[in-house]
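Enquirer: below is the sequence, then the predicted model.
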Number of protein chains: 2
Amino acid sequence: MSEQDREREEFQRVARRARAAGAELAPLPRAAKDAALHAIADALVAAAPEIVKANGTDVERARESGTSEYMIDRLSLSADRIAAIAEAVRNVAALPDPVGETVRGSVLPNGLDLRQIRVPLGVVGIIYEGRPNVTVDAAALCLKSGNAAMLRGSSSAYESNTVLVGVMQNALEATDVPRDAVQLVPGTSRESVGHLMRARGLVDVLIPRGGASLINSVVEGSTVPVIETGVGNCSVYVDDAADVGMAVDILVNAKTQRPSVCNAAETFLVHAGIADAFLPRALEALRAKGVTVHGDDRVRSYGEDVVPATEDDWRAEYLSMDIAARVVDSLEDAVAHIRAYGSDHTEAIVTTSQPAARRFVALVDSAAVMVNASTRFTDGEEFGFGAEIGISTQKLHARGPMALPELTSTKYVVTGEGHLRG
Amino acid sequence: MSEQDREREEFQRVARRARAAGAELAPLPRAAKDAALHAIADALVAAAPEIVKANGTDVERARESGTSEYMIDRLSLSADRIAAIAEAVRNVAALPDPVGETVRGSVLPNGLDLRQIRVPLGVVGIIYEGRPNVTVDAAALCLKSGNAAMLRGSSSAYESNTVLVGVMQNALEATDVPRDAVQLVPGTSRESVGHLMRARGLVDVLIPRGGASLINSVVEGSTVPVIETGVGNCSVYVDDAADVGMAVDILVNAKTQRPSVCNAAETFLVHAGIADAFLPRALEALRAKGVTVHGDDRVRSYGEDVVPATEDDWRAEYLSMDIAARVVDSLEDAVAHIRAYGSDHTEAIVTTSQPAARRFVALVDSAAVMVNASTRFTDGEEFGFGAEIGISTQKLHARGPMALPELTSTKYVVTGEGHLRG
């Protein structure tokens, strides 16, 4: 048997174990799942030296291959970070259990009792990058929502992830949750991701978390249903009826409060009627924070340091201290720009005009639309969901921050007393 | 330019028009959409002679190619049938508008006002078989839920569908809904379906309606998110605590009331403890209705006319007067059979035992689970939804009968007064 065939067989074995474990896990009551999460948290803290050691191997290999210090930092685990990861698991245990919730219910005219209740999805596959804390976060969210997890992190974190999953599985031994409910996809090859993407019938949904190219390759190659997450080319539109001070503050916050994340602003659009009042102050404030503005000709006429914007700038998810800027002649032109170039993640309008706010909300087709608030608020924690597995930028199943309810499906339960269809 | 390239370009043009029309349609209020639906209904009735004539061409071609009378009947339109189709459109107009509904809402601790509201999906692609009424039904449901429709029916109904879509588009001219909101995918070739399946970015969701092979080919080949529908290998489990008379009635109703549809029963499983009481009566009742039973050895010992069941019978969606039958030793064995062979559509338990009912509901992972009721009730009309676009057998986005709310996505609207993230 070739190495590839061996890897595929091994994948199938692991996925079938996850599926069987998911079926056992699905009907467990909240108390059993919470106890398992606390067991995992305790075990992670106890195994910190072992985890740090495995992580050291990954970090060393990453250093040798010339990985940037920024990426190394994301990859690195310490006893403190492991304690924080364990604490996050305990926080998930404290969240309400979505499973069993009645979403709608009624008694039909013929007396049939109809209920739609939340049930787990089954087996959830997560494909992610080099942050090993995602291994534990994702496993905890899946487990709490009654799902088995098939985890496929970056090969750069394989040693760390192997130990983390082993620690979680061993912790589950003493609980009612089967140890096979948390699985690492075996292998680090490109093909091992392919097995996961084509595991229709074994895996119920795939959630890729990462950059646009990762997400595109999963969407293109997958036969398992995919929830797209996280690419954010977010815009702030400053209406001609904006409070200029508020608009400057929101723009600076949206761009600079944490530029490396998907809900940071990457573009701002200014109504021509307020450009004279807004742009000088905005450019000065951005300059003071070290932001490079890539503007159209009209924006450039307000600042010598504004770099000429190209078509690529309108599409860019910079994730850096850069922002694209354009003057528009109307709210409708702003919406047209967003439709043409945006990623449908989060757009904000700053305005004191109620009709303008209402129109922007109606016309902008994004997962979140902010009125007089920073784009940075699109976040499961900020929305009060307690945790998030990602931010969906697609329209099916879940849109915007995804928390525990988004990791469930539903089932109709229909109860009669011998009802026949006539 | 090759014929293929021309067809692809034509598809892209049509899809872009649908997309633009969808953006115009999305924010329209209910009254505008209902007026458009009534205009369509009126126009269909007025154009009945023209529609019947085009349909005659399709029917003649189908006859010449030796199509069965059953399929010819599904394909055929008459003035009466067109009147019924128009009436169904008026019924859709009478249903509540899902768009704009607040799904959840709260004021966050920092004072931000958070609302999750229903919004249209955008452009919905429907791939279906030879029934031209689906062309109008699907268009009406899409339009009412604020979506543009890209319709791809069977090539056998292409003349009928072309006229039907033309009549609907012309009717929209006099309304606020853009005529391009209803589109037929151009062409009848296999490739024309492929263009639709790969129209990611132009089409937001694909709903294939038809047999297993159609649905599989769409799932395998599509880069647009797909909602799987309609394959139903439904089971009735007769518990040892069942009322025998009720169990016989439910089984006969589930199998024979309309055998050609997806919610008809295709298998029954009998607890060994009630086989002596149940099977002789059940086999007699099925025999009286002309049903052929494909049973395991234990079932066959109760009736000489029971045909031996093979592995294929457990998987079969007969859609005919056939049913597979097995004696099981426990409720758990029935669940294991359903997990191994079922299509996760609808399963029923007949029992007077509350614990058995509860356990079956918890363990069976199907879109609908019936307790003491016929599987035939899994249906949008029966559930009181007023209409259905299909029955989803997948777990993402929608599960079970899909009606207007299932043709929507959501969007978060967040309103502040200059809120910044700290």
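Expert: Here it is on my side, so go on. The model shown is predicted, which means the values in this text are computed figures rather than measured ones.
Enquirer: all strands of the stretch 1-150 of chain A, in order?
Expert: Counting by DSSP state E, counting those that start in this stretch, the stretch 1-150 of chain A has strands at residues A:102-107, A:113-120, A:123-127, A:148-152.
Enquirer: can I get those strands in CSV with mean neighbour count, distance to chain B and mean pLDDT?
Expert: Where C-beta positions appear, they are placed from N, C-alpha and C, glycine not excepted. Conversion of those to CSV gives the following (neighbours: other Cβ atoms under 10 Å in any protein chain shown; distance: least, Cβ to the nearest Cβ, whole Å; pLDDT from 0 to 100):
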stretch, mean neighbour count, distance to chain B, mean pLDDT
strand A:102-107, 12, 7, 94
strand A:113-120, 20, 6, 97
strand A:123-127, 26, 10, 96
strand A:148-152, 27, 13, 97
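Enquirer: show me the one of the ones you listed that comes nearest A:A247.
Expert: A:A247 lies closest to strand A:123-127 among the strands of the stretch 1-150 of chain A, at 37.9 Å (Cβ to Cβ).
Enquirer: and the longest helix belonging to chain A, does that touch chain B?
Expert: Using DSSP state H, we find that the single longest helix of chain A is helix A:3-25. Yes. Using Cβ under 8 Å from any Cβ of the partner chain, we find that helix A:3-25 touches chain B at A:A23.
Enquirer: how about the strands of the stretch 1-150 of chain A in JSON lines, adding distance to B:R209?
Expert: Shown next, in JSON lines, are these (distance: least, Cβ to Cβ, whole Å):
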{"stretch": "strand A:102-107", "distance to B:R209": "24"}
{"stretch": "strand A:113-120", "distance to B:R209": "22"}
{"stretch": "strand A:123-127", "distance to B:R209": "27"}
{"stretch": "strand A:148-152", "distance to B:R209": "30"}
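Enquirer: what element comes up after the helix or strand bottoming out on mean pLDDT in chain A heading to the C-terminus?
Expert: One helix or strand of chain A scores below all others by mean pLDDT, DSSP states H and E: helix A:212-221, with a mean of 85. Per DSSP states H and E, the first helix or strand lying C-terminal to helix A:212-221 is strand A:234-238.
Enquirer: what's that next one packed up against?
Expert: Where contact means 3 or more Cβ pairs under 8 Å, 6 or more residues apart in numbering or on different chains; DSSP states H and E, strand A:234-238 is packed against helix A:244-256, strand A:265-271, helix A:331-341, strand A:346-350.
Enquirer: select, out of those, the one closest to B:E347.
Expert: Minimum separation from B:E347 across those (Cβ to Cβ) falls at strand A:346-350, 41.8 Å.
Enquirer: following that closest one, which helix or strand comes up?
Expert: Later in the chain than strand A:346-350, the nearest helix or strand by DSSP H and E is helix A:354-363.
Enquirer: buried residues in that following helix, which are they?
Expert: Neighbour-count burial for helix A:354-363, counted by 16 or more other Cβ atoms under 10 Å in any protein chain shown, picks out A:A356, A:A357, A:R359, A:F360, A:V361, A:A362, A:L363.
Enquirer: tell me the confidence at A:V99?
Expert: As predicted, A:V99 sits at a pLDDT of 97.
Enquirer: and it, how far from chain B?
Expert: Relative to chain B, A:V99 is positioned 10 Å away (Cβ to the nearest Cβ, to the nearest Å).
Enquirer: what's the local residue count around that residue?
Expert: A:V99 is flanked by 24 other residues according to other Cβ atoms under 10 Å in any protein chain shown.
Enquirer: in this structure it contacts A:R118, no?
Expert: Yes. With contact defined as Cβ atoms under 8 Å, A:V99 counts as touching A:R118 (5.6 Å).
Enquirer: which neighbours do those two share?
Expert: By Cβ atoms under 8 Å, 6 or more residues apart in numbering or on different chains, A:V99 and A:R118 have these common neighbours: A:T408.
Enquirer: give me phi/psi at the spatially closest residue to A:A362 that is not a sequence neighbour?
Expert: Sequence neighbours aside, B:P27 is the residue nearest to A:A362 in space, at 4.3 Å (criterion: Cβ to Cβ, 6 or more residues apart in numbering or on different chains). Note on B:P27: backbone dihedrals following degrees, to the nearest 10 are phi -90, psi 0.
Enquirer: just checking, B:P27 touches A:D365?
Expert: No. Using Cβ under 8 Å as the test, B:P27 is too far from A:D365 to be in contact (9.7 Å).
Enquirer: neighbour-wise, which of the two wins?
Expert: For B:P27 versus A:D365, neighbours defined as other Cβ under 10 Å are more numerous around A:D365 (23 against 17).
Enquirer: secondary structure class for the residue nearest to the more buried one when sequence neighbours are not counted?
Expert: Spatial nearest neighbour of A:D365, excluding adjacent residues (Cβ to Cβ, 6+ apart): A:D344 at 6.2 Å. For A:D344, the assignment made with DSSP: H, G, I helix; E, B strand; the rest coil gives coil.
Enquirer: tell me the contacts of A:D344?
Expert: A:D365, A:S366, A:A367, A:T393.
Enquirer: pLDDT score assigned to the first one?
Expert: Residue-level confidence at A:D365 comes out at 93, pLDDT.
Enquirer: that one should be in a strand, yeah?
Expert: No. Counting by three-state DSSP, A:D365 is not part of a strand but coil.
Enquirer: surely it meets B:A26?
Expert: Yes. Judged on Cβ under 8 Å, A:D365 makes contact with B:A26 at a distance of 7.1 Å.
Enquirer: which neighbours do those two share?
Expert: Counting by Cβ under 8 Å, 6+ apart, the residues touching both A:D365 and B:A26 are B:V119, B:G122.
Enquirer: which strand residues bridge A:V414?
Expert: Beta-bridge partners of A:V414, counted by DSSP bridges, are A:L114, B:M370.
Enquirer: number of residues surrounding it?
Expert: 27.
Enquirer: give the contact list for it.
Expert: Under the criterion of Cβ under 8 Å, 6+ apart, the neighbours of A:V414 are A:L112, A:D113, A:L114, A:R115, B:A368, B:V369, B:M370, B:V371, B:A373, B:F377, B:T378.
Enquirer: OK, contacts around A:L420?
Expert: Counted by Cβ under 8 Å, 6+ apart, A:L420 has contacts B:D249, B:I250, B:N253, B:Q257, B:S374, B:R376.
Enquirer: which residue ranges make up the domains of chain A?
Expert: According to automatic domain parsing, chain A comprises the domains A:3-228+A:401-414, A:234-377.
Enquirer: now the last one, how far from the centre of its chain.
Expert: Per Cα atoms, centre = their mean, to the nearest Å, the displacement of domain A:234-377 from the mean C-alpha position of its chain is 23 Å.
Enquirer: so what would you say the end-to-end distance of that domain is?
Expert: 12 Å (Cα to Cα, to the nearest Å).
Enquirer: A:L151: which of the buried residues of helix A:354-363 is nearest?
Expert: Comparing the buried residues of helix A:354-363 against A:L151 with Cβ to Cβ picks out A:V361 as the nearest, at 37.4 Å.
Enquirer: residues contacting the closest one?
Expert: Neighbouring residues of A:V361 by Cβ under 8 Å, 6+ apart: A:I349, A:V369, A:V371, B:V413.
Enquirer: including neighbour count, pLDDT and distance to B:K144, could these go into TSV?
Expert: Listed next are these as TSV, based on neighbours: other Cβ atoms under 10 Å in any protein chain shown; pLDDT from 0 to 100; distance: Cβ to Cβ, whole Å:
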residue	neighbour count	pLDDT	distance to B:K144
A:I349	29	98	29
A:V369	25	98	23
A:V371	22	98	28
B:V413	21	97	22
